[in-house]
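> what's the 3D shape of this:
(chains A and B)
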Amino acid sequence: MIDRVTAVIEHDFRVFFKYKFTLAGLISMNLADLLIMAVVYTRMTSFNYFRFLAPGVTATGLFAAAFVIGREVNMETRRGYNQYLLSLPLRRAELVLGRMVAGGLRGLMYATPLLVLAMIILKFPTATEAALILFAMYLLSMAISGLAISLAVALRSFERFTTARSLLYLLLIFCSTVFYPLSVLQQILPSSLILFAKLNPLSTVSDLIRGYLMGTPPVTTQSWVELLSFSGVFILSGAALYAAGIEHSVR
Amino acid sequence: MQQKSILLMRWFYAIVQIGIFGLAISRIVTAMQNYYHYYAMGVIVMTMYSVAIFTGYEIYDEADDGFTEYLLSIPLTRRELVLGRSLAGGLRSLLFMAPIIAGFMILIGIADPLRVATALVGLYGFAFGVSGLSITLAVGLKSGDRFDIIMGALDALIVRLSSALYPQAFMPGPIAAFSEFNPLTYASDLFRWSLNFNSQLLANPVIAVIALVVFLSVFNLSGVIIYERSLEGGTWR
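Numbering: from 1, shown residues only, chains lettered A, B, ... in the order given. Model prediction:
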């Protein structure tokens, strides 16, 4: 079983590197946010915005890279590639598991250099803290992959998929603590959106990284519970939807 | 239809940027007064840039659909074709952003027709130049992938290395130096100046007008030259 799951992961990694232009665009966007925008805002704010944003950029990069698998699954669904995937000597569970694990690993691989940059800017954590950060990032990455795959099979049209992706992107990135502290959002957003921003996994992961690398906000058990709950829901629903959707797509 | 949804997303993106990011970031910016208005004006110009860039993507769609040969066969000079497309690209961007611009002007109480006209002419000139830049790059590169990555990287850098988001006064030396050569700096500052924003934080409006005229002339002229050289004989690829 491990060999077959590994083969699916290897396939997805090969495909990931075909999107070199998308990846180059993502990298330039993330680095420009940190090395240009945050540097200037640091001169305009009362705190060190550059240090504040470094963990946020890591979470944003992770989110964007993990979402790429949705685009692939959507394309496969529309172009009949699912027939080929279903004809492979793999159990359905192995295919689904391989894709979910690959989606998570790809996001993690993309975001790790950004995390290292954040560590250089802030501080190097202990081995345990580093492992916990990577685990949190992997959970988020896999959950986002699950969310992307769910959307990709549910919305077969590419146009609907890209529109939904953009809406989610805007909502999850801007209603989160990636770019500003929660206390600022509490001054401008209605209570429903503040609750959304608090539960938003991008806020949770950004603040977890900040907690481990900056000491503030402090890492709490509640943060981990929120992350595990979100990840659990989206990993399982993504896997179930993909397993059902891939069969439905070839009927 | 796909472009329509992309354009609508740009609109939504501008509204979210002004309505959430702008409000939030203006709460943490302490170095200047009225940063929210400064930021919102920058987002309007940035969005016009993003919409005007679509002219280049259309050239690739036309090539894929075999429409380029038809365009070359109609009784128009190449110069008329490029200039017509650039002018249309600029006008589309302006019309697309008109509701947001009008809403914003009403919100901040700008009713002086001369100021409104100056702002719109400045924005149109900028969008006209961006369409020319987009055509020049699309025809010059002849590869959708290369165009996509260059536009992606340009988008990330042009916006951040300009005064669209923050005044030049707060930029460190190298970033300020890049922003001096960036047309988005002059378009944003001219727009703000037209809307009566504190001119101490803006580029000189006369220099801004000259920079925009040079920008739109250079890229539309080079668009004409490259279009003529690259497309004759139907040798798109």
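> Close to chain B: what parts of the stretch 151-251 of chain A are there?
Residues of the stretch 151-251 of chain A that fall close to chain B, judged by CB under 8 Å from any CB of the partner chain: A:158-159, A:162-163, A:166-167, A:170, A:174-175, A:179-181, A:184-185, A:187-189. Placement of C-beta: from N, CA and C, glycine included.
> Please indicate which of the residues you listed are buried?
Among those, those buried by neighbour count (16 or more other CB atoms under 10 Å in any protein chain shown) are A:162-163, A:166, A:170, A:174-175, A:179-181, A:184-185, A:188-189.
> among those residues, which two are most distant?
The two members of those with the most space between them (CB to CB) are A:Thr162 and A:Pro181, at 31.1 Å.
> rewinding a little: which of the residues of the stretch 151-251 of chain A next to chain B fall within helices?
With helices defined by DSSP state H, the entries of those inside them are A:158-159, A:162-163, A:166-167, A:170, A:174, A:184-185, A:187-188.
> For those, give me JSON lines that also has pLDDT.
Shown next, in JSON lines, are these (pLDDT from 0 to 100):
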{"residue": "A:Phe158", "pLDDT": "75"}
{"residue": "A:Glu159", "pLDDT": "72"}
{"residue": "A:Thr162", "pLDDT": "78"}
{"residue": "A:Thr163", "pLDDT": "79"}
{"residue": "A:Ser166", "pLDDT": "81"}
{"residue": "A:Leu167", "pLDDT": "84"}
{"residue": "A:Leu170", "pLDDT": "85"}
{"residue": "A:Phe174", "pLDDT": "91"}
{"residue": "A:Val184", "pLDDT": "92"}
{"residue": "A:Leu185", "pLDDT": "92"}
{"residue": "A:Gln187", "pLDDT": "90"}
{"residue": "A:Ile188", "pLDDT": "91"}
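> In contact with A:Glu33, which residues are there?
Just to correct that, residue A:33 is Asp rather than Glu. A:Asp33 is in contact with A:53, A:57, A:60, B:160, counting by CB atoms under 8 Å, 6 or more residues apart in numbering or on different chains.
> Tabulate those residues in CSV, adding columns for distance to A:Ser229 and neighbour count.
Below are the contacts of A:Asp33 laid out as CSV (distance: CB to CB, whole Å; neighbours: other CB atoms under 10 Å in any protein chain shown):
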residue, distance to A:Ser229, neighbour count
A:Leu53, 26, 24
A:Val57, 25, 26
A:Thr60, 22, 27
B:Arg160, 36, 26
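> where in the stretch 151-251 of chain A is pLDDT low?
Across the stretch 151-251 of chain A, the ranges flagged by pLDDT under 70 are A:250-251.
> What helices and strands are in contact with the helix or strand containing B:Val139?
Under the criterion of DSSP states H and E, B:Val139 resides in helix B:113-141. With contacts taken as 3 or more CB pairs under 8 Å, 6 or more residues apart in numbering or on different chains; DSSP states H and E, helix B:113-141 sits against helix B:35-52, helix B:54-64, helix B:78-108, helix B:144-160, helix B:183-194, helix B:205-231.
> can you pull the pLDDT of B:Ile74?
On the pLDDT scale, B:Ile74 is placed at 84.
> what about B:Asn34, neighbour count?
For B:Asn34, the neighbour count with other CB atoms under 10 Å in any protein chain shown is 13.
> At the geometric centre of chain A, which residue sits there?
Centroid check for chain A by CA atoms, centre = their mean gives A:Phe63 as the closest residue, at 2.6 Å.
> Name the nearest residue to it, sequence neighbours excluded.
A:Ile144 (5.6 Å; CB to CB, 6 or more residues apart in numbering or on different chains).
> so which strand or helix has the one you found?
Using DSSP H and E, A:Ile144 falls in helix A:127-154.
> Tell me the spacing between A:Ala164 and chain B.
Distance, A:Ala164 to chain B, using CB to the nearest CB, to the nearest Å: 10 Å.
> residues near the closest residue to that residue other than its chain neighbours, how many?
The shortest distance from A:Ala164 to any non-neighbouring residue, by CB to CB, 6+ apart, is to A:Leu151 (5.4 Å). Applying other CB under 10 Å, we find 20 residues neighbouring A:Leu151.
> before we move on, what about the one 4 residues further on?
The local packing of A:Leu155 (other CB under 10 Å) involves 18 other residues.
> these two touch, right, it and A:Ala164?
Yes - the pair A:Leu155 / A:Ala164 is scored as a contact, 5.8 Å apart, by CB atoms under 8 Å.
> Stretch B:52-72 near chain A at all?
No - judged by CB under 8 Å from any CB, stretch B:52-72 makes no contact with chain A; its nearest approach is 13.3 Å.
> How about the residue of chain B found nearest chain A: what's its closest non-neighbour residue?
At 3.2 Å from chain A, B:Gly152 is the closest residue in chain B, using CB to the nearest CB. Nearest in space to B:Gly152, with sequence neighbours left out and distances taken as CB to CB, 6+ apart, is A:Gly25 at 3.2 Å.
> Need the three-state assignment for the one you found.
Secondary structure state of A:Gly25, per DSSP: H, G, I helix; E, B strand; the rest coil, is helix.
> Report how many residues lie close to it.
A:Gly25, neighbours per other CB under 10 Å, totals 20.
> Give me the pLDDT for it.
At A:Gly25, pLDDT is 77.
> Quick one: residues contacting residue 214.
The chain I'm using is chain A. A:51, A:55, A:122-123.
> what's the closest of the residues you listed to chain B?
Nearest to chain B among the contacts of A:Met214, with distances taken as CB to the nearest CB, is A:Arg51, at 13.3 Å.
> Surely the closest one touches A:Leu122?
Yes - between A:Arg51 and A:Leu122 there is a contact under CB under 8 Å: 6.0 Å.
> re earlier: what's the spacing between the helix holding A:Ile144 and its chain's center?
Relative to its parent chain, helix A:127-154 has a centroid offset of 6 Å by CA atoms, centre = their mean, to the nearest Å.
> which residue packs closest to the residue most central in space within chain B, ignoring adjacent ones?
Nearest to the mean C-alpha position of chain B, counting by CA atoms, centre = their mean, stands B:Tyr49 at 2.2 Å. Distances taken as CB to CB, 6+ apart put B:Val130 closest to B:Tyr49, at 5.4 Å, once the chain neighbours are dropped.
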